[in-house]
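Engineer: Dropping the sequence and predicted coords here.
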Amino acid sequence: MNLKQKIESREARVGVLGLGYVGLPLAVAFAEAGFHVIGIDVDARKVEAINRRESYIEDIPSATLARLPHPITATTDFAALATCDTVSVCVPTPLSKTGDPDVSYIISAADAIARYLHPEMVVVLESTTYPGTTTEVVLPRLTGNGANLKVGEDFFLCFSPERVDPGRKDWTTRTTPKVIGGTTPKCLEMGAALYGAALETIVLVSSTETAEMVKLLENTFRAVNIGMANEVLLMCERLGLDVWEVINAAATKPFGFMKFTPGPGIGGHCIPIDPLYLSWKLKSLKFTARFIELADEVNSAMPRYWVQKVQDALNEVAKPVKGSRVLVLGVAYKKDISDMRESPALDIIHLLQEKGAVVSYHDPHVPAFDHDGMAMTGEVDLDAALVAADCVVVATDHSAYDWAEIARRARVVVDTRHVMPK
């Protein structure tokens, strides 16, 4: 039985390397399609949880893990790759402290796969990265060290960008269209066969570079338009206009307009980071991505804008920022999830603390956190916290909040999300 037949008959053993917000939902999708799935992660706590059928990601209930036709087997041992017919790489791709792409996790994953690469194996990179990473970084590691395996003949290498939106209910890993690019036509064929066996819609593109660029375009589009919405907020403030009235009225146009809204900044793994991968790549080609860099400048400045709004609001009631008790509502980067990656609320907290404010927070999804040396425990009694606060900053508009009650109890409100009733 060849590899394609094993995939079609669900006899192929599917490996998923990296069991976070992308990897675990993908592993579940393959398991629900009838595959035996092996999940690999360096975090022993994640591995132990999955083997207990306990989920640590809100989008995947523990009950889902418990009822899979073939339970996911998780391990920290990369030697398990030797038993896999396919492996999807879903590792982090952060920015370094200098703002450059950090592909060290991809390199480590590729080196681990290279040690166990065998004939008739499909390797798919899903981690967001700059165009050229699959062929320039991953491929040489898989074909080096005397492996004597040829891509497109002995093994198959693809790139398929993740499209996970934590907390979303209408689109899932299974139902969201999946873009795939192959290193060779045969690679594309095998990658499409693999993902087509578990996901509803497959979108084929001509190369891995094209697939890599697709992901960056998707998130650059969002970053630039959010940057524009944030700048429109600043414009309307200078003009004495209500930006929300302007945006909502513009959104009634049934064509030629897409609604984006201002806020405290941008968060999550994708929007704040992915466009900068593209900008970095283009700098190496002597090209300046002006829209990306301007949007990043505007979006990155929003936490300072809102801290100034806190200062102004406290000034109106004759209070200095220093010593004032400021309650931040929501530290997740968007509503109804616990994901804090790149959350602008953290910047707001840090900037307020720098000014001497006594900052506390409440988030129904984040009881405590320790992020880059800043550790905090959330307020348990929201009513008491509202009464005690000199100023309340709305950073995340969780559905669990009763905004009318918050508006009634809070002395001063600075609303970055425009959720408070007028």
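Structural biologist: That came through, no problem. Owing to the predicted nature of the structure, the values given are computational and were not obtained by experimental measurement. Residues are numbered from 1 along each chain as shown.

Engineer: From Thr134, how far out is Phe159?
Structural biologist: 4 Å (C-beta to C-beta, to the nearest Å). The C-beta positions use only the backbone N, C-alpha and C, and glycine is treated the same way.

Engineer: Same question for Thr252.
Structural biologist: 43 Å.

Engineer: So between the two, which is more surrounded?
Structural biologist: It is Thr134, of Thr252 and Thr134, that has more neighbours when counted by other C-beta atoms under 10 Å, with 28 against 8.

Engineer: Mean confidence (pLDDT) on the longest helix belonging to the chain, please.
Structural biologist: Across the chain, the helix with the greatest residue count (assigned by DSSP state H) is helix 208-239. Helix 208-239 carries an average pLDDT of 97.

Engineer: Show me what it is packed against.
Structural biologist: strand 155-159, strand 178-182, helix 243-250, helix 274-283, helix 290-316 (3 or more C-beta pairs under 8 Å, 6 or more residues apart in numbering; DSSP states H and E).

Engineer: if we can go back for a sec, any shared contact partners between Phe159 and Thr134?
Structural biologist: 125, 181, 208, 212 (C-beta atoms under 8 Å, 6 or more residues apart in numbering).

Engineer: from those residues, which two are the most distant?
Structural biologist: Using C-beta to C-beta, the shared contacts of Phe159 and Thr134 span at most 10.0 Å, a distance reached by Leu125 and Gly181.

Engineer: between these two, which one's more packed in?
Structural biologist: For Leu125 versus Gly181, neighbours defined as other C-beta under 10 Å are more numerous around Leu125 (30 against 24).

Engineer: Need the pLDDT of that one.
Structural biologist: In this prediction Leu125 is given a pLDDT of 98.

Engineer: Could I get the contacting residues of it?
Structural biologist: So Leu125 contacts 89, 106, 133-134, 138, 157-160, 208 (C-beta under 8 Å, 6+ apart).

Engineer: quick one: which of those is nearest Gly18?
Structural biologist: Closest to Gly18, out of all of the contacts of Leu125 and judged by C-beta to C-beta, is Val89, at 6.6 Å.

Engineer: Model confidence score at the closest one, please.
Structural biologist: pLDDT, Val89: 98.

Engineer: now Pro61
Structural biologist: 95.

Engineer: Name the nearest residue to the most centrally placed residue in the chain, sequence neighbours excluded.
Structural biologist: Against the mean C-alpha coordinate of the chain, by C-alpha atoms, centre = their mean, the closest residue is His269 at 3.4 Å. Distances taken as C-beta to C-beta, 6 or more residues apart in numbering put Arg341 closest to His269, at 4.9 Å, once the chain neighbours are dropped.

Engineer: and what of Gly181?
Structural biologist: Per C-beta to C-beta, 6+ apart, closest to Gly181 is Ala211, 3.2 Å.

Engineer: and if you look at Thr86?
Structural biologist: Val122 (4.1 Å).

Engineer: is it fair to say the one you found lies in a strand?
Structural biologist: Yes: assessed with DSSP: H, G, I helix; E, B strand; the rest coil, Val122 lies in a strand.

Engineer: Ser343 versus that one, what's the distance?
Structural biologist: In terms of C-beta to C-beta, Val122 sits 35 Å off from Ser343.

Engineer: what about Ser399, is that helix, strand or coil?
Structural biologist: Per three-state DSSP, Ser399 ends up coil.

Engineer: right, and Thr133 touches Tyr105 too?
Structural biologist: No: if you go by C-beta atoms under 8 Å, Thr133 and Tyr105 don't touch, sitting 11.6 Å apart.

Engineer: Look at those two and report which has more neighbours.
Structural biologist: Taking neighbours as other C-beta under 10 Å, Thr133 and Tyr105 compare with Thr133 leading, 25 against 18.

Engineer: In contact with the more buried one, which residues?
Structural biologist: 103, 106, 125, 159, 212.

Engineer: tell me how far stretch 258-266 is from the chain's mean position?
Structural biologist: Distance of stretch 258-266 from its chain centroid, counting by C-alpha atoms, centre = their mean, to the nearest Å, is 16 Å.

Engineer: CA atoms only: put that stretch into PDB for me.
Structural biologist: The C-alpha trace of stretch 258-266 is given here as PDB (Å, rounded to 0.1, in the frame of the first residue of the first chain):
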ATOM      1  CA  MET A 258     -15.600  46.900   5.100                       C
ATOM      2  CA  LYS A 259     -16.000  47.900   8.700                       C
ATOM      3  CA  PHE A 260     -12.800  48.000  10.900                       C
ATOM      4  CA  THR A 261     -12.900  49.600  14.400                       C
ATOM      5  CA  PRO A 262     -10.400  51.400  16.600                       C
ATOM      6  CA  GLY A 263      -9.300  50.000  19.900                       C
ATOM      7  CA  PRO A 264      -6.400  49.700  22.400                       C
ATOM      8  CA  GLY A 265      -4.000  48.400  19.800                       C
ATOM      9  CA  ILE A 266      -3.600  45.000  18.200                       C
END
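
Engineer: ok, and for it, which residues are buried?
Structural biologist: Applying a neighbour-count criterion of 16 or more other C-beta atoms under 10 Å, the buried positions in stretch 258-266 are 260-266.

Engineer: cool, stretch 209-228 as well?
Structural biologist: 209, 211-216, 218-220, 222-224, 226-228.

Engineer: for stretch 118-131, same thing?
Structural biologist: 120-131.

Engineer: of all these, which comes closest to Ala82?
Structural biologist: Nearest member of the buried residues of stretch 118-131 to Ala82, counting by C-beta to C-beta, is Met121, at 9.8 Å.

Engineer: Could you check how far Ala223 is from Arg417?
Structural biologist: Distance, Ala223 to Arg417, using C-beta to C-beta: 18 Å.
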